[in-house]
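Enquirer: Here you go, sequence then predicted model.
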Amino acid sequence: MTNPNKANGLDLRRWLEDIAAMRQVKEVPGADWRLELGAISELNVKKADPMALLFDEIPGYPAGHRVLTCTTSNAVRLANILRLGSVDSHQDLVGKLRGRPNAWKSRAADFPPVEVDDGPVFEHVMSGDEVDVTAFPAPLWHEKDGGRYIGTGCMVVTRDLDTDWVNVGTYRVMIHDRNHVGLDMIPGKHGAIQYDKHVDAGKPFPVAIVLGCDPLGYTISGIEVPYGMCEYNYIGAILGQPVEVVRGQLTGLPIPSAAEIVLEGWAHPGDIKEEGPFGEFHGYYPGKQGTSPVVTIERVYYRSQPILLGSPPAKPPNDYSYSKAVMRSALLMDALQAAGVPDVQSVWAHEIGGARMFNVVSIKQRYAGHSRQAGHLLLNCGVGAYMSRWAVVVDEDIDPSNLQEVMWAVATRADPERDIDVLTRGMGSKNDPMFVTFGTDTAFNSKAVIDACRPYDYLGRFPEVAEASKALQAETRRKWGHVLDE
Ligand SMILES: Cc1cc2nc3c(=O)[nH]c(=O)nc-3n(C[C@H](O)[C@H](O)[C@H](O)COP(=O)(O)O)c2cc1C
């Protein structure tokens with residue numbers, strides 16, 4: 001339980017104790033950082049109710065140098081991470097989350113991080129020639145990765161050039177050598193904007209990379225928090241208590257006082273190197289090797305027996321596709337309501353589209369044009385625009401998270417000629433597996449709304465659904481449940 005009077009250093013070990021008591025974590029000794037950790041984690045998250053995995057006794061590393069994966073991959077743990085209490089199902093979690101992101105956002109200003117002088121993160125310090133990021137068992141996650149990725153479930157802390165805004169984002173981090181890593185921030189991401197400003201001014205960019213803490217950290221730094229807002233504040237609003245931070249000795253950047261491992265250094269203007277490829281969240285190794293800024297690591301802080309928090313992407317379902325689907329669906333729901341779309345019933349950002357490329361909204365149609373309005377906003381609101389491709393709008397009798405029902409509505413309520421709206425030159429990504437076909441070097445994409453609602457102008461005449469009524473279903477379940485194994 002959190003103590004409302006005390007700041008929270010985002011201690012991963014306290015969280016592990018919590019979930020161990022709930023039998024939600026499995027210890028795995030002896031797996032190799034070369035592909036085995038990645039493949040075990042990948043197969044694990046394809047199971048119906050995956051456990052978190054804590055790897056230890058990793059060949060070539062001292063016992064106790066651990067790697068933790070699959071932290072956010074089921075409803076029970078995700079609810080615990082988001083401080084929503086215990087839940088008994090995925091639906092329970094979604095219900096408890098409804099409206100929370102808006103409330104967290106509006107309370108964030110009340111929870112600035114609290115600074116202290118010391119914390120467990122400073123138990124060990126490497127500096128100068130001692131710096132060696134390969135001292136930690138960073139996995140080679142996938143067979144065709146261009147290197148070992150030490151940063152996946154990480155938080156990258158950076159500072160703006162001309163304001164005191166600190167941003168915390170999750171961006172992948174690849175090891176180049178013992179004191180250099182590559183940092184892949186996609187253009188437009190807040191860390192990338194701060195980096196560009198430093199490069200334009202010819203100044204080194206300060207970076208602190210947090211490689212393990214309470215998974216609430218990367219769950220929030222990996223999702224769209226408004227521009228100019230510090231993720232520590234947002235996390236504080238979720239916890240109901242401020243995040244406790246210490247200042248990095250080199251850059252002064254704030255880092256959680258109980259973090260497991262932190263790499264601190266500078267990205268110098270012009271210091272760019274080849275990075276990737278990397279198996280991605282949409283399920284591909286997109287394109288060839290690219291380039292990204294190099295961070296020269298000058299300090300490493302870590303706790304005894306450090307735990308590296310990993311969250312490897314891959315073809316969905318992957319390590320974080322479930323949490324992304326849950327979180328982005330809640331954010332999209334809030335965004336549609338804030339944009340003034342009435343009677344939105346539910347939104348689901350499907351894991352198959354990496355919670356970006358195939359999103360569905362259900363509405364109770366109120367007026368002509370309502371469904372297209374919802375679909376176009378789903379594709380282009382702030383949270384939804386990046387890399388969105390398909391927005392499907394369905395009536396209130398369809399559950400947006402149930403692909404079988406959604407595709408039944410598409411098959412039976414949408415007329416392809418009339419009910420697909422295509423937009424061109426939308427916000428795309430060079431990371432899109434289809435980018436190779438676009439014939440441009442600029443990250444546009446095309447997007448479509450599939451309006452799979454019953455046509456509004458034929459509502460009165462549209463055929464009725466041939467399915468037992470809710471009342472008949474309930475009565476049948478009550479009386480004949482033993483036949484239905486319920
Ligand atoms: C595990 C994980 C890995 C991610 N990797 C990257 C990445 O390598 N580059 C990137 O730009 N975004 C990546 N993202 C998405 C960003 O973290 C996300 O868009 C976030 O909103 C960025 O923070 P910002 O809004 O402060 O820029 C990743 C997200 C997660 C959860």
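Expert: It's in. A quick note: this is a predicted structure, and the numbers were derived from the prediction, not measured.
Enquirer: For residue 191, which residues are in contact?
Expert: When contacts are counted by CB atoms under 8 Å, 6 or more residues apart in numbering, residue 191 touches 156, 158, 167, 169, 171, 183, 185. Just so you know, the C-beta spots here come from the backbone N, C-alpha and C atoms, and that holds for glycine as well.
Enquirer: And the pLDDT at the last one?
Expert: So the one you mean is residue 185. Confidence at residue 185, expressed as pLDDT, is 96.
Enquirer: ok, it touching residue 169?
Expert: Yes: assessed by CB atoms under 8 Å, residue 185 is found in contact with residue 169 at 7.0 Å.
Enquirer: okay, and the common contacts of these two?
Expert: Residues touching both residue 185 and residue 169 (CB under 8 Å, 6+ apart) are 156, 191.
Enquirer: Counting neighbours, what do you get for the residue in the stretch 151-300 of the chain positioned nearest to the ligand?
Expert: Nearest residue of the stretch 151-300 of the chain to the ligand (CB to the nearest ligand atom) works out as residue 222 at 2.7 Å. Neighbourhood size, residue 222 [other CB atoms under 10 Å]: 24.
Enquirer: biggest helix in the protein, by residue count?
Expert: Longest helix in the chain by number of residues (criterion: DSSP state H): helix 321-338.
Enquirer: Show me what that one packs onto, helices and strands only.
Expert: helix 75-81, helix 90-97, helix 100-107, strand 344-349, strand 358-363, helix 370-380 (3 or more CB pairs under 8 Å, 6 or more residues apart in numbering; DSSP states H and E).
Enquirer: just checking: which of the contacts of residue 191 also lie near the ligand?
Expert: With CB under 6 Å from any ligand atom as the criterion, those include 167, 169, 171, 185 near the ligand.
Enquirer: And the pLDDT at the first one?
Expert: We note a pLDDT of 98 for residue 167 in this prediction.
Enquirer: Partner strands of the longest strand seen in the chain and their direction?
Expert: Identified as the longest strand of the chain according to DSSP state E is strand 290-302. Note on strand 290-302: by DSSP bridges, its sheet partners are strand 124-127 (antiparallel), strand 180-184 (antiparallel), strand 261-267 (antiparallel), strand 272-275 (antiparallel).
Enquirer: now the longest helix of the chain against strand 358-363, angle please.
Expert: Going by axes from the mean of the first three to the mean of the last three CA atoms, to 10 degrees, helix 321-338 is angled at 40 degrees with respect to strand 358-363.
Enquirer: what sits opposite residue 168 in the beta ladder?
Expert: Counting by DSSP bridges, the residues bridging with residue 168 are residue 157.
Enquirer: cool, and the one 5 residues further on?
Expert: According to DSSP bridges, residue 151, residue 183 are recorded as the beta-bridge partners of residue 173.
Enquirer: which ones are touching it?
Expert: Contacts of residue 173 were listed using CB under 8 Å, 6+ apart, and they are 149-152, 154, 156, 181-184, 209, 263, 295.
Enquirer: with these in mind, which one is nearest to residue 249?
Expert: Closest to residue 249 out of these is residue 263 (12.6 Å), distances taken as CB to CB.
Enquirer: you'd agree the closest one is up against residue 212?
Expert: No: under the criterion of CB under 8 Å, residue 263 makes no contact with residue 212, lying 11.3 Å away.
Enquirer: Looking at those two, which one has more neighbours?
Expert: Using other CB under 10 Å as the criterion, residue 263 and residue 212 rank with residue 212 on top: 31 against 28.
Enquirer: one step back: so which of the strands paired with strand 290-302 gets nearest residue 53?
Expert: When the strands paired with strand 290-302 are compared by CB to CB, strand 261-267 sits nearest residue 53, at 18.0 Å.
Enquirer: Now residue 373. Nearest residue, chain neighbours left out?
Expert: residue 341 (6.0 Å; CB to CB, 6 or more residues apart in numbering).
Enquirer: Also residue 111?
Expert: The nearest residue in space to residue 111 (CB to CB, 6+ apart) is residue 236, at 2.7 Å.
Enquirer: cool, residue 336 as well?
Expert: residue 344 (4.9 Å).
Enquirer: With residue 138 instead?
Expert: In this structure, residue 138 finds its nearest non-sequential neighbour in residue 150, 3.7 Å apart by CB to CB, 6+ apart.
Enquirer: Name the residues that touch stretch 72-79?
Expert: By CB under 8 Å, 6+ apart, the list of residues contacting stretch 72-79 reads 19, 22, 24, 44-45, 49-50, 52, 71, 81, 85-87, 89-90, 92-93, 96, 215, 219, 311, 317, 319-320, 322-323, 326.
Enquirer: Weed out the non-buried ones from these.
Expert: For the contacts of stretch 72-79, a burial check counting by 16 or more other CB atoms under 10 Å picks out 19, 24, 44-45, 50, 52, 71, 81, 87, 90, 92-93, 96, 215, 219, 311, 317, 319-320, 322-323, 326.
Enquirer: out of these, who's near the ligand?
Expert: 311, 320.
Enquirer: Would you mind listing what in the stretch 101-250 of the chain touches the ligand?
Expert: So the stretch 101-250 of the chain meets the ligand at 152-153, 167, 169-172, 184-186, 189-191, 222-225 (CB under 6 Å from any ligand atom).
Enquirer: from those residues, which ones fall inside strands?
Expert: Per DSSP E, these map to strands at 167, 169, 172, 184.
Enquirer: now the end-to-end length of stretch 185-193.
Expert: 9 Å (CA to CA, to the nearest Å).
Enquirer: how far does it sit from the chain's center?
Expert: Between the centre of stretch 185-193 and the centre of its chain there are 15 Å (CA atoms, centre = their mean, to the nearest Å).
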